[in-house]
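Visitor: Sequence first, predicted model second:
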Amino acid sequence: MSRDDDKRLAAEAAAAEIVSGMIVGLGTGSTAAWLIAHLGERVAAGLDITAVATSRATERVARAAGIRVVALDDLSDIDLAIDGVDEIDGDLRAIKGAGGAMLREKIVASAARRMIAIADGSKRVERLGAAPVPVEVLPLARGFVAARIESLGGAATLRRHDDRSYRTDQDNVVLDCAFGTEIDSVALAGQLAAIPGVLGHGLFLREIDSAYIASDGVITRLDRTR
């Protein structure tokens with residue numbers, strides 16, 4: 001069974017929690033794309049939901065699938081958010097942001113009554129940190145923020161696309177920051193948030209309530225212990 005098969009299985013397992021009348025936050029990335037495709041089929045079959053997208057790309061795909069999408073500006077809360085992860089540990093702490101949407105994703109996750117992570121088994125880790133932590137930065141603060149991150153023990157690399165600096169949907173730049181697996185993720189999240197010019201980061205330490213992780217066709221559900 002391929003990794004894409006596992007992504008699809010995890011997405012469909014999480015989607016089973018969606019019922020008509022819900023406002024649903026839709027994530028960004030390859031695993032979330034399987035979710036959107038599945039929801040499009042269910043909407044065509046009569047599922048009545050409203051969606052909030054975590055990126056312009058997700059909004060375009062969701063609308064093309066026939067899903068009604070509204071702006072987050074008009075909402076104060078969301079029933080359920082479902083999104084992929086770059087890494088996730090057994091305590092449902094995660095790194096997100098490879099798709100560049102971590103700021104919007106964190107807003108949607110924080111606004112949601114519940115957040116579910118979906119992933120294939122390659123994303124499950126013992127300790128966070130093998131994947132870089134993406135940090136969204138106001139462009140004029142790029143050099144200053146990079147130096148502060150390096151003072152915290154990280155190596156900050158400017159994300160690039162088509163030979164130019166990558167820009168988020170908010171027209172900000174992203175620093176992909178390698179810290180290694182010995183990081184204290186809780187302390188690091190606070191340190192990053194305190195740097196002037198940092199607008200958001202990819203450490204999701206408390207937002208995820210449950211996860212569906214599929215590995216070789218076997219789905220495991222994890223739930224946060226409150």
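Guide: On my side now, so go ahead.
Visitor: Now residue 200: which helix or strand?
Guide: Here residue 200 sits within strand 198-201, counting by DSSP states H and E.
Visitor: contacts for the helix or strand following that strand?
Guide: Using DSSP H and E, the helix or strand that follows strand 198-201 in sequence is strand 203-204. By Cβ atoms under 8 Å, 6 or more residues apart in numbering, the residues outside strand 203-204 that reach it are 85, 93-96, 105-106, 109, 128, 133, 185, 188-189, 192. Every residue, glycine included, has its C-beta placed from N, CA and C.
Visitor: where in this protein is pLDDT low?
Guide: 226 (pLDDT under 70).
Visitor: biggest helix in it by residues?
Guide: helix 30-44 (DSSP state H).
Visitor: Residue 215 is in contact with residue 6, isn't it?
Guide: Yes - with contact defined as Cβ atoms under 8 Å, residue 215 reaches residue 6; the gap is 6.2 Å.
Visitor: Got the domain ranges for this structure?
Guide: The chain is divided into the following domains under automatic domain parsing: 3-125+205-223, 133-202.
Visitor: Output these as JSON lines; include the columns mean neighbour count.
Guide: Output for the domains of the chain, formatted as JSON lines (neighbours: other Cβ atoms under 10 Å):
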{"stretch": "domain 3-125+205-223", "mean neighbour count": "20"}
{"stretch": "domain 133-202", "mean neighbour count": "17"}
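Visitor: Just want to check the distance between the residue nearest to the spatial centre of the chain and residue 133.
Guide: The structure's the chain has its C-alpha centroid closest to residue 96; by Cα atoms, centre = their mean the separation is 4.6 Å. Distance of residue 96 to residue 133, computed by Cβ to Cβ, to the nearest Å: 9 Å.
Visitor: and if you look at residue 30?
Guide: From residue 30 to residue 133 the distance is 20 Å (Cβ to Cβ).
Visitor: show me what contacts residue 83?
Guide: 25-29, 32, 54, 96, 105, 108-109, 115-118 are the contacts of residue 83 under Cβ under 8 Å, 6+ apart.
Visitor: Tell me what it is bridged to.
Guide: residue 117 (DSSP bridges).
Visitor: Give the closest residue to residue 149 in space, chain neighbours not counted.
Guide: residue 156 (4.5 Å; Cβ to Cβ, 6 or more residues apart in numbering).
Visitor: Beyond whichever strand or helix holds residue 113, next helix or strand please.
Guide: Using DSSP H and E, residue 113 falls within strand 112-120. Going down the chain from strand 112-120, the next helix or strand is strand 133-137, by DSSP H and E.
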